[in-house]
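Novice: Here you go, sequence then predicted model.
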Amino acid sequence: MTLFIDTHDSLITVALKTKEKTFIKTKESNYSHSIYVMPLIEEIFKEANEDIKNIDNIIVINGPGSFTGIRIGLSIAKTIAFALKKKINTISSLDAYLISDESKEEKMAVIEDNKGYYIKVINQDQILIEESYVTELPNYKQVVNNLNIEKIIDYLKDKDSENVHNIKANYIKKINVEE
């Protein structure tokens with residue numbers, strides 16, 4: 001059983017994939033993630049009639065996106081993984097969007113902030129062309145920012161678990177403190 005947590009945007013997504021079904025809860029948070037994430041996790045386990053102790057692993061989106069939202073999602077995922085001694089994997093929001101898209105052509109995932117765009121571009125063979133922070137969008141087909149939870153879970157199923165203590169937020173551009 002896999003718990004999926006995404007808090008990189010104003011839309012919070014929590015999912016639970018059991019052997020029988022995938023349960024998905026979303027909530028438009030207006031960037032009040034701390035109010036909604038834990039209740040959504042509790043609701044999804046009640047709906048699935050499952051106990052959080054029975055999860056096998058956790059997948060969490062680690063950015064780029066909302067600075068505070070990412071930190072809340074990572075903190076919750078890391079705490080659950082550490083407390084229950086469960087496997088944990090991260091995936092970038094850009095990779096999650098690219099994986100979720102069905103097309104097999106050259107394509108670009110985009111996260112916009114108030115000064116520019118985080119982009120990741122891959123070719124038809126899924127090979128990286130560019131990943132950067134830009135002020136103008138290059139001319140590539142842009143994927144829709146929708147998540148296919150089952151495809152993301154399937155993509156990560158054979159990946160080694162990450163050390164919970166080494167998991168960090170994925171920021172493409174430097175924050176002011178680092179400059």
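Specialist: Thanks, I have the structure now. Numbering: from 1, shown residues only.
Novice: tell me which residues in stretch 107-123 are buried?
Specialist: Going by neighbour count (16 or more other CB atoms under 10 Å), the buried part of stretch 107-123 is 107-111, 116-122. Every residue, glycine included, has its C-beta placed from N, CA and C.
Novice: What is the nearest of these to A83?
Specialist: Closest approach to A83 among those (CB to CB): I111, at 30.1 Å.
Novice: can you map out the strands along the protein?
Specialist: 2-6, 11-17, 22-28, 57-61, 87-91, 107-112, 117-122, 128-134 (DSSP state E).
Novice: Out of those, which is closest to T68?
Specialist: Across these, closest to T68 is strand 11-17 (CB to CB), at 12.2 Å.
Novice: Not counting its own residues, what contacts that closest one?
Specialist: Residues outside strand 11-17 that contact it (CB atoms under 8 Å, 6 or more residues apart in numbering): 1-6, 22-29, 33, 36-37, 40-41, 44-45, 48, 50, 55, 69, 147, 149-150, 153.
Novice: got the buried residues for that strand?
Specialist: 12-17.
Novice: now these as CSV including pLDDT?
Specialist: Below are these laid out as CSV (pLDDT from 0 to 100):
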residue, pLDDT
I12, 97
T13, 97
V14, 98
A15, 98
L16, 98
K17, 98
